[in-house]
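>>> Predicted model and sequence below, questions to follow.
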Amino acid sequence: MSEDDLDVWLEALGGRDRDGGSEEGRALRAQIRAQPAEMGAAVAEIDSAREAQLIARARAADLLPCENSSPPQARAGTRKRRGMPRALLTAAALAGIAIGVASLWYTRAPTGTFRGAANGVVELETPDPRGLKLRLIRELKDAGVSANGYERLDRVGVDADLPIPVAPNVRRVLERHHIPVPDDGALVVEMHAPEIR
């Protein structure tokens, strides 16, 4: 059955014939619609017998304390002897939390990063790296900063020494391109085209 035949059949089954429809789909729809609607079994909102069964099963599985059990203080001592000590359970829980936080810390970077900084180099992914490089150099020079462009392998870049403190007009240029202001005044920005996958 081709995909078009399947679509025609499904449309006929749904009651939306097109292009003459599917005789088989219409027949199946008629058969389904001829069936009497089944009434669902009535379920009581509150069923005391069912609740009692569930509580008994939970007690049998030692999930709930027995009805005639000793006071909580006495049970605490027996529970300690049967299972692991509370300090060991607490240590295990803290270790689990630490492992979870550490794994989140190392895997929190998104896979599709378009802007980032590594070793003080701001990386930008853009469809037109050379155009962005020329635009950034021009805007920095208009703001009073001497910026130099370079090309290395598959990346083009801009290198500039910013005055400290960074002037507001220079900050605006960097903010416009979502480039963080470097603490030491050394600005290195590299642009590359998106990878084709």
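That came through fine.

>>> Which parts of the chain are helices?
For the chain, the helices defined by DSSP state H cover 3-13, 23-34, 48-60, 72-82, 86-107, 129-142, 168-176.

>>> Packed most tightly, which of the ones you listed would that be?
helix 129-142 (a mean of 17; mean count of other Cβ atoms under 10 Å). Where you see a C-beta, it was placed from the backbone N, CA and C, and this is true even at glycine.

>>> What is it packed up against?
Helices and strands touching helix 129-142, by 3 or more Cβ pairs under 8 Å, 6 or more residues apart in numbering; DSSP states H and E, are strand 147-152, strand 155-161, helix 168-176, strand 186-192.

>>> now the ones you listed as JSON lines including mean pLDDT?
Below are the helices and strands packed on helix 129-142 laid out as JSON lines (pLDDT from 0 to 100):
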{"stretch": "strand 147-152", "mean pLDDT": "85"}
{"stretch": "strand 155-161", "mean pLDDT": "86"}
{"stretch": "helix 168-176", "mean pLDDT": "87"}
{"stretch": "strand 186-192", "mean pLDDT": "85"}
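
>>> Quick one: closest of the ones you listed to residue 15.
strand 186-192 (53.7 Å; Cβ to Cβ).

>>> can you pull the buried residues of that closest one?
187-191 (16 or more other Cβ atoms under 10 Å).

>>> Just the closest of those to residue 26, please.
Closest approach to residue 26 among those (Cβ to Cβ): residue 191, at 59.9 Å.

>>> Name whatever forms a beta bridge with that closest one.
residue 124, residue 156 (DSSP bridges).
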